[in-house]
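Engineer: the sequence and its predicted three-dimensional model are supplied below.
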Amino acid sequence: MIPELGHFALIIALCIALVQATVPLMGSFNGNRPWMELARPLAYGQLTFIAFSFACLVQAFVVSDFSVAYVAVNSNSLLPTMYKISAVWGAHEGSLLLWVLMMAGWGAAVALYSKNLPLAMIARVISVQGMVTIGFLLFTLLTSNPFDRLFPVPPEGRDLNPLLQDPGLAIHPPMLYMGYVGFSVAFAFAIAALIGGKLDAAWARWSRPWTTVAWIFLTIGIALGSWWAYYELGWGGWWFWDPVENASLMPWLIGTALLHSLAVTEKRAAFKSWTVLLAIAAFSLSLLGTFLVRSGVLTSVHAFATDPTRGAFILLFLCLVIGGSLALYAWRAPSVSSGGHFDLLSRESSLLMNNLLFSAFTILVLFGTLAPLIYEAFGWGKISVGFPWFNKMFVALSPFMVLLLGIGPLVRWKHDAVLRLLGKLWPALLLTIGVAVWVAQAEFAASHLWVTVGITLAAWLLLSHLTVLFERLKNRPGGVVGGLKSIGDDVRGGGRGFYGMLLAHLGVAVLIIGITMVSTFDVEHDVRMSPGDSYELAGYRFEFLGATAVDGPNYNADRGHFLVYRGEDTVAELFPEKRAYMGGGMPMTEAAIDAGFLRDIYVSLGEHVGDGDWALRLYYKPYVRWIWLGAIFMAIGGLLAVTDPRYRAARVTAPMPDLAGSAVKA
Amino acid sequence: MKARQKRILFVVAAVIGVSLAAGMAISALRGNISYFFSPSQVMANEHPSDAVFRVGGLVVKDSLQRQPDGLTLTFDVTDNAATVPVSYTGILPDLFSEGQGVVAKGRMGPDGVFMAEEVLAKHDESYMPPEVADSLQQSHVDGVVEMVTQ
């Protein structure tokens, strides 16, 4: 009964979405206030029904109702309750429902936190969201209904994929989806503005916090995914340029460009049509990514053949969203006046360069991801693009991004002079060169060119942003020292955006150090060890004490026992496991990691090769934590920026706000 | 410089930048792609002799053998028409098992044994060559139905 209620609630939600997509929009054209005012209650109703439907599915999982096919395939009565719940989004149908739930959640949030927006605008935004929701609800109901019954009812479920039975993966998809779907708000704002023909600074100001929040979620989601892959897949990789990863990276890259472009649009009323285009692109890439991954098109062209309805629906929906919004763009954007003029050397130009670099990188990733499809389509054979290619592209572009990133925050809006910039930046420049020379001749970096490059770039970011901070603080009462003391007040006051920027950019430096060090200096050995054996690796001695059998709630495992020594000191005791899950009999490697700020020690069990001997993986991963630390910095930076009090100001059309970089300008 | 000239300069710079990047990207792609060949194609010598490529199919039952060093493994990959012997040193992925689909990336050795550098195994039909995938897809579906209905 309850699953049917859930199904029914989805159908009602679809009906609401149909009204939501049309009535407020029409009201905004003929000035019908009651119709426009319907937008908010409709958004709340949408959330209510979808949340109810989602709760029904959760209930089916919690009580292990195997008469529901989706539950039978993805759960098991032995599964711990936490994973029964996370199993809800463990496969296609449920994750689609999660997506729709979040979409409705964002819609309700927009309705709730938009008291300062003109009614016509909010009506259009919520209508556009209604249109997207229609697409997803139809997709769910027609091709991927999670509430389908199964007869005869099986006594036991098939089990959740063991890879997904992990706390990291329980929260990773919701985070990622919050990011993907969050870009629908920026998208809806952009489309609403295009429909209204009014793109102005106020529009950018409204979209900005929403975009930032979506970006924060996406940042955390990607970092969680990378971290999960690192410890759960058992081979210690943190980024593989897998199509699934690329699908999340592309919206992030374009979303990052959008964040910066919105800043220009808000403050200088420039780049308006470009910003709109980015907002459309960010959400389209979210859609493309999710759909390509979910339909399996990326890993195999034949996924369309295996489920023709789903594939066809996906294509149709993508064409409608991307084609429709681009057509609207082509029709409306030319009428948008281009905003303030600026010189070749100006904050605008440097942000434009940032946008171009991010877009170029996105296009490269998209190209590399779709290349197998292109080759197949032209009959050039079945290929896969190796990750060295992506690495090359990343290494080719990122130095330019970083160099620019060091200069950008110091450049004035509209017009600046090279000499003025040099006057500010020379200490940072000299120190960076000093660091480069020091690293280049240092023993640890010997013959590793990329270590020199990476550390130099990170140093450049740190030093140039210290300069930025200095420029902001030097005119405070009491000079820089007094300024440093007043940072707390500054953060509580109007300076959050500035410190958010600073922190996010430093996150890039941290990330660069992490990537550089772990890529160059990690040591990975596959070895065979007997109980009592020792193996020396990167200055650590791994002693294998043997493996014993242990039982978990829904698996049996072999648990290895290791002692890791550095010299005479024991630095870690590790217990990696090899599990066999009862549901599907699927084996799973649980790596044991001794995490540290400067290095991880990583042991995973390969196979029992007889007589108590094991094939093992022993890894030494220096600075790997810095990769995720960098992402955390970026997310906190975004959080600071989005909580800047100026977004709470109850002004609809604000005068040019106090710029984050105003002190720099002074 | 007038605004118009500046804009033109921007556009020209952007076009040059994009073309350079595209040229670089495509030329780099050539060296980094690996083609897929089925065991039948490999047996017909259609594969490159000096380049990395991928071969995929089902792991032949009872063909997995561990060499005396304890880390090198050999197994046969088949598409039910031809069989290629594969050798791999290291730890196989969790989902590797006999009778399941696998894709190995590496080079053909002089002795006709495929020297794999990387082995991918998934219960996911998308990593199968299409011919094998069809039959696998079928057995996969059967397996699910069997498991859920038993």
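Structural biologist: Arrived safely, thanks for sending.
Engineer: which residues does the residue nearest the centre of chain B contact?
Structural biologist: Centroid check for chain B by Cα atoms, centre = their mean gives B:Arg54 as the closest residue, at 4.2 Å. Taking Cβ atoms under 8 Å, 6 or more residues apart in numbering or on different chains, we find B:Arg54 in contact with A:384, B:34-37, B:103-105. Placement of C-beta: from N, CA and C, glycine included.
Engineer: domain assignment for the chain?
Structural biologist: Picking chain A for this. A:1-165, A:417-521+A:625-648+A:659-665, A:523-622 (automatic domain parsing).
Engineer: wrong one, I was asking about chain B
Structural biologist: Looking at automatic domain parsing, the domains of chain B come to B:1-33, B:34-142.
Engineer: just say which of those is most tucked in.
Structural biologist: domain B:34-142 (a mean of 18; mean count of other Cβ atoms under 10 Å in any protein chain shown).
Engineer: elements contacting the helix or strand encompassing B:Val18?
Structural biologist: Assigned by DSSP states H and E, B:Val18 belongs to helix B:3-32. Here helix B:3-32 touches helix A:347-377, helix A:387-407, going by 3 or more Cβ pairs under 8 Å, 6 or more residues apart in numbering or on different chains; DSSP states H and E.
Engineer: of the domains of chain A, which is nearest chain B?
Structural biologist: domain A:523-622 (3.4 Å; Cβ to the nearest Cβ).
Engineer: contacting residues around residue 32?
Structural biologist: Assuming you mean chain A. So A:Asn32 contacts A:Met26 (Cβ under 8 Å, 6+ apart).
Engineer: wrong chain, I was asking about chain B
Structural biologist: A:385-386, A:388-389, A:392.
Engineer: quick check: the gap between the residue nearest to it when sequence neighbours are not counted and A:Glu37.
Structural biologist: Spatial nearest neighbour of B:Asn32, chain neighbours left out: A:Trp389 (3.7 Å); criterion: Cβ to Cβ, 6 or more residues apart in numbering or on different chains. Distance, A:Trp389 to A:Glu37, using Cβ to Cβ, to the nearest Å: 53 Å.
Engineer: neighbour count: these two, which is higher?
Structural biologist: Set A:Trp389 next to A:Glu37 and count neighbours by other Cβ atoms under 10 Å in any protein chain shown: A:Trp389 wins out with 21 against 15.
Engineer: among the contacts of B:Arg54, which are in strands?
Structural biologist: When the contacts of B:Arg54 are checked against strands (DSSP state E), the matches are A:384, B:34-37, B:103-105.
Engineer: in three-state terms, label the residue positioned nearest the centre of chain A for me.
Structural biologist: Compute the mean C-alpha point of chain A, and by Cα atoms, centre = their mean the closest residue is A:Leu218, 2.5 Å away. Look at A:Leu218: counting by DSSP: H, G, I helix; E, B strand; the rest coil, its state is helix.
Engineer: give the contact list for it.
Structural biologist: With Cβ under 8 Å, 6+ apart, A:Leu218 has these contacts: A:175-176, A:178-180, A:182-183, A:248, A:251-252, A:255.
Engineer: so what pLDDT did it get?
Structural biologist: On the pLDDT scale, A:Leu218 is placed at 95.
Engineer: follow-up on the earlier one: farthest-apart pair in the ones in strands among the contacts of B:Arg54, please.
Structural biologist: Farthest pair in those (Cβ to Cβ) is B:Tyr35 and B:Ala104. Separation: 13.3 Å.
Engineer: picking up where we left off before, out of the contacts of A:Leu218, who's nearest A:Ser447?
Structural biologist: The closest of these to A:Ser447 turns out to be A:Trp252 (Cβ to Cβ; 33.7 Å).
Engineer: contact partners for that closest one?
Structural biologist: Neighbouring residues of A:Trp252 by Cβ under 8 Å, 6+ apart: A:179, A:215, A:218-219, A:222.
Engineer: coming back round to it: how far off centre is the helix holding B:Val18?
Structural biologist: 32 Å (Cα atoms, centre = their mean, to the nearest Å).
Engineer: quick one, strands of chain B?
Structural biologist: Under DSSP E, chain B gives strands at B:33-37, B:53-59, B:65-66, B:72-78, B:83-89, B:101-108, B:114-120.
Engineer: let's have those strands in TSV, adding distance to A:Leu403 and mean pLDDT.
Structural biologist: Below are the strands of chain B laid out as TSV (distance: least, Cβ to Cβ, whole Å; pLDDT from 0 to 100):
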stretch	distance to A:Leu403	mean pLDDT
strand B:33-37	30	84
strand B:53-59	38	86
strand B:65-66	51	86
strand B:72-78	46	90
strand B:83-89	42	91
strand B:101-108	36	87
strand B:114-120	35	88
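Engineer: one step back: okay, the helices and strands packed on helix B:3-32 in a markdown table with mean pLDDT and distance to A:Ile134 next?
Structural biologist: Shown next, in a markdown table, are the helices and strands packed on helix B:3-32 (pLDDT from 0 to 100; distance: least, Cβ to Cβ, whole Å):
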| stretch | mean pLDDT | distance to A:Ile134 |
| --- | --- | --- |
| helix A:347-377 | 88 | 27 |
| helix A:387-407 | 90 | 36 |
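Engineer: any idea which of the ones you listed is most buried?
Structural biologist: Greatest average neighbour count among the helices and strands packed on helix B:3-32 goes to helix A:347-377 (a mean of 20), per mean count of other Cβ under 10 Å.
Engineer: run the chain-centre distance for that helix.
Structural biologist: Distance, centroid of helix A:347-377 to centroid of chain: 17 Å (Cα atoms, centre = their mean).
Engineer: what packs against that helix?
Structural biologist: Counting by 3+ Cβ pairs under 8 Å, 6+ apart, helix A:347-377 packs on helix A:243-268, helix A:272-295, strand A:383-385, helix A:387-407, helix B:3-32.
Engineer: and of those, who's closest to B:Leu120?
Structural biologist: Using Cβ to Cβ and comparing the helices and strands packed on helix A:347-377, the one that lies nearest B:Leu120 is strand A:383-385, at 9.5 Å.
Engineer: can you tell me the closest non-neighbouring residue to A:Leu277?
Structural biologist: Nearest non-adjacent residue to A:Leu277 (Cβ to Cβ, 6+ apart): A:Tyr329, at 6.4 Å.
Engineer: residues contacting that neighbour?
Structural biologist: Taking Cβ under 8 Å, 6+ apart, one finds A:194, A:273, A:276-277, A:280 in contact with A:Tyr329.
Engineer: how much space separates the residue nearest to the centre of chain B from B:Asp79?
Structural biologist: Distance, B:Arg54 to B:Asp79, by Cβ to Cβ: 13 Å.
Engineer: same question for B:Gln100.
Structural biologist: 14 Å.
Engineer: which residues do these two both contact?
Structural biologist: With Cβ under 8 Å, 6+ apart, B:Gln100 and B:Asp79 have common neighbours B:Leu58.
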